[in-house]
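Trainee: Could you look at this predicted model? Sequence included:
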Amino acid sequence: MDSKKELKIKVPIISDSYSAQKHINFIKKHKSNNKYHHKKSRSSSSSSGSSTDTSKNISKSSSESYDLIERKYCHGPTGPTGHKGPRGCTGPSSEVTGSTGCTGSPGAKGANGLDGATGANGLDGEMGPIGATGLDGATGLDGATGATGATGATGANGTNGLDGKMGPTGATGLDGATGANGTNGLDGATGATGPRGFIGSSGANGLDGATGPRGFTGSSGANGLDGATGATGPRGFTGTTGSTGPRGISGEEGSVGPTGTIVSNINYIWAIKNNTESVTTALTFQNIIYTSTPQLNGWTYNPVTGYFTCNATGKYLVSYQVDMQATGGARIASVIGTINDVEIPGSATTQAFQSASTTQAWISFFIMNISSGNTFALKFTGNAIVVTITAATAIASESPQSATLTITRIL
């Protein structure tokens, strides 16, 4: 046991070889006697190496003298704190921990001091309570370093003591020799994945490596499947016309064909209109009333109803032009030819007005078959009653017509 820890009681004159507790027990045991003999054992100083022998004989006639001795030697006042010694030099540090040496042999026993008068041995008293731990004294000056003793045999490893408080960092020692590599420890458990770090900036592009040698030409692969037929491309430009070839040999003259139907210069109509006419009922066709028929042969015309009566069955070519105008927006008009008030297929012309301030023409051509006694009429209508047949404005001395009709027999 460390002697310094045993001396933390307040008995400054008690030596290591005679414990403070036994001294106290001795005093308590002999309080009733008339004399008390105390022998102080020899004490040693680590700094000077000298030793002294001290003997004390104390005789008292009453128990109070023993109390005085007890207070003097066991519970005396704590002396003043000594000056703190300077810090010792920090020894060189090494990463390699040496093995603990064996305990050296005990030093030579010093000479015994003079024996005092032997007192009567009293009975051992009961052990008193342990006194309160005294305050740690100030650290004394470091003693001179003794000569290095011979290295003892390697002792068994002792149990590890508790970790002391970390002292100040010493100066960096010289690098020790590199020790042998220890065996690898077992891999620890994989730690939890840390948060994703920030994306670093892109590094500079490295230099292009040298071009490697050309590889060997591989063998030809199998022909792939035919792809789907692509869409037809746009038509190419028309080529230049080639030169005309030589005229072929004339064939034999054919026989004379049968005599055709004789068409005389009769059965025709040319009618004109030089006034205006408006739609009476929207989206209902009405006859166009012509104001005159400068050319009329084989037909009969009624200027009140607008009907033309056919007097000879045949095939006729019909052409017309009707000029119209309308006010307002989104106006539409239509013109048709009829036989007995039935529309002739292909004769209709329907269109929207492009402008309300100009006259617009409805023009068409068609062929019709009509029998003698049937009536023909050209009809018109619009999607509003503001649709009107009207002639264009003259720009000189001409006489613009608002509508014209021509019928010519062709068979």
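Mentor: The structure has been received and is ready for your questions. Numbering: from 1, shown residues only.

Trainee: From now on I want contacts and neighbour counts done on CA atoms only, so please keep to that.
Mentor: Will do.

Trainee: Domain map for this structure?
Mentor: Under the assignment automatic domain parsing, the domains of the chain span 3-73, 268-409.

Trainee: Which one of these has the poorest average confidence?
Mentor: Of all these, the minimum mean pLDDT falls on domain 3-73 (a mean of 47).

Trainee: Can you list the strands that the host helix or strand of residue 381 pairs with?
Mentor: Per DSSP states H and E, residue 381 falls inside strand 375-382. Strand 375-382 pairs in its sheet with strand 286-287 (antiparallel), strand 308-310 (antiparallel), strand 332-339 (antiparallel), by DSSP bridges.

Trainee: ok, and what's touching it?
Mentor: 279, 281-288, 306-310, 331-341, 387 (Cα atoms under 8 Å, 6 or more residues apart in numbering).

Trainee: Quick one: residues contacting the residue nearest in space to the middle of the chain.
Mentor: Nearest to the geometric centre of the chain sits residue 199, at 12.2 Å (Cα atoms, centre = their mean). By Cα under 8 Å, 6+ apart, the contact set of residue 199 is empty.

Trainee: Next, count neighbours for the closest residue to residue 281 other than its chain neighbours.
Mentor: Distances taken as Cα to Cα, 6 or more residues apart in numbering put residue 385 closest to residue 281, at 6.3 Å, once the chain neighbours are dropped. By other Cα atoms under 10 Å, 16 other residues sit near residue 385.

Trainee: next one: residue 394
Mentor: If we define neighbours as other Cα under 10 Å, then residue 394 has 10 of them.

Trainee: Quick check: which element contains it?
Mentor: For residue 394, there is no enclosing helix or strand under DSSP H and E.

Trainee: contacts for stretch 354-367?
Mentor: Everything outside stretch 354-367 that qualifies as a contact, by Cα under 8 Å, 6+ apart, is 315-329, 334-335, 346-351, 353, 390-392.

Trainee: Please pick the buried ones from the residues you listed.
Mentor: Among the contacts of stretch 354-367, the ones that count as buried by 16 or more other Cα atoms under 10 Å are 316-327, 334-335, 347-348, 353, 390-392.

Trainee: All the helices of this protein, residue numbers only.
Mentor: Counting by DSSP state H, one finds helices in the chain at the ranges 3-6, 20-29, 63-73.

Trainee: just checking, which of the buried ones among the contacts of stretch 354-367 belong to strands?
Mentor: 316-325, 334-335 (DSSP state E).

Trainee: for stretch 238-255, how far is the first residue from the last?
Mentor: End-to-end distance for stretch 238-255, by Cα to Cα, to the nearest Å: 41 Å.

Trainee: so residue 334 bridges to which residues?
Mentor: residue 350, residue 381.

Trainee: Against residue 328, how distant is it?
Mentor: According to Cα to Cα, residue 334 stands 17 Å off from residue 328.

Trainee: next one: residue 387
Mentor: 10 Å.

Trainee: again, but for residue 125
Mentor: 142 Å.

Trainee: for residue 119, same thing?
Mentor: Using Cα to Cα, one gets 154 Å for the distance from residue 119 to residue 328.

Trainee: okay, stretch 285-295 in PDB with CA atoms only?
Mentor: Listed next in PDB are the C-alpha coordinates belonging to stretch 285-295 (Å, rounded to 0.1, in the frame of the first residue of the first chain):
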ATOM      1  CA  PHE A 285     -85.900  30.300-105.000                       C
ATOM      2  CA  GLN A 286     -87.800  32.700-107.300                       C
ATOM      3  CA  ASN A 287     -87.700  33.100-111.100                       C
ATOM      4  CA  ILE A 288     -85.400  35.800-112.600                       C
ATOM      5  CA  ILE A 289     -87.500  38.200-114.700                       C
ATOM      6  CA  TYR A 290     -85.600  39.200-117.900                       C
ATOM      7  CA  THR A 291     -86.500  42.600-119.300                       C
ATOM      8  CA  SER A 292     -85.900  41.700-123.000                       C
ATOM      9  CA  THR A 293     -85.100  38.800-125.300                       C
ATOM     10  CA  PRO A 294     -83.100  40.300-128.300                       C
ATOM     11  CA  GLN A 295     -82.600  36.800-129.700                       C
END
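
Trainee: Counting neighbours, what do you get for residue 118?
Mentor: By other Cα under 10 Å, the residues close to residue 118 number 9.

Trainee: Could you shift the numbering so residue one becomes 8, and keep it that way?
Mentor: Got it, the first residue is 8 from now on, which makes the last one we talked about residue 125.

Trainee: Leaving out chain neighbours, which residue sits closest to residue 413?
Mentor: Once flanking residues are discounted, residue 413 sits nearest to residue 277: 4.6 Å by Cα to Cα, 6+ apart.

Trainee: quick one, what contacts the one you found?
Mentor: Contacts for residue 277 were tallied using Cα under 8 Å, 6+ apart; they are 300-303, 411-414.

Trainee: if you set the cut-off to 7 Å instead, what comes out?
Mentor: Applying Cα atoms under 7 Å, 6 or more residues apart in numbering, we find residue 277 in contact with 300-303, 412-414.

Trainee: before we move on, what about residue 315?
Mentor: By Cα under 7 Å, 6+ apart, the contact set of residue 315 is 306-309, 382-384.

Trainee: Which residues belonging to stretch 359-375 are considered buried?
Mentor: For stretch 359-375, by 16+ other Cα under 10 Å, it's 360, 366-371, 373-375.

Trainee: Now render the residues you listed as JSON lines, adding distance to residue 235.
Mentor: Output for the buried residues of stretch 359-375, formatted as JSON lines (distance: Cα to Cα, whole Å):
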{"residue": "360", "distance to residue 235": "50"}
{"residue": "366", "distance to residue 235": "57"}
{"residue": "367", "distance to residue 235": "53"}
{"residue": "368", "distance to residue 235": "53"}
{"residue": "369", "distance to residue 235": "51"}
{"residue": "370", "distance to residue 235": "50"}
{"residue": "371", "distance to residue 235": "49"}
{"residue": "373", "distance to residue 235": "49"}
{"residue": "374", "distance to residue 235": "50"}
{"residue": "375", "distance to residue 235": "52"}
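
Trainee: Tell me the one among these nearest to residue 164.
Mentor: Closest approach to residue 164 among the buried residues of stretch 359-375 (Cα to Cα): residue 360, at 120.1 Å.

Trainee: hang on, the closest one packs against residue 341?
Mentor: No. Applying Cα atoms under 7 Å as the test, residue 360 and residue 341 come out as separate, 10.7 Å apart.
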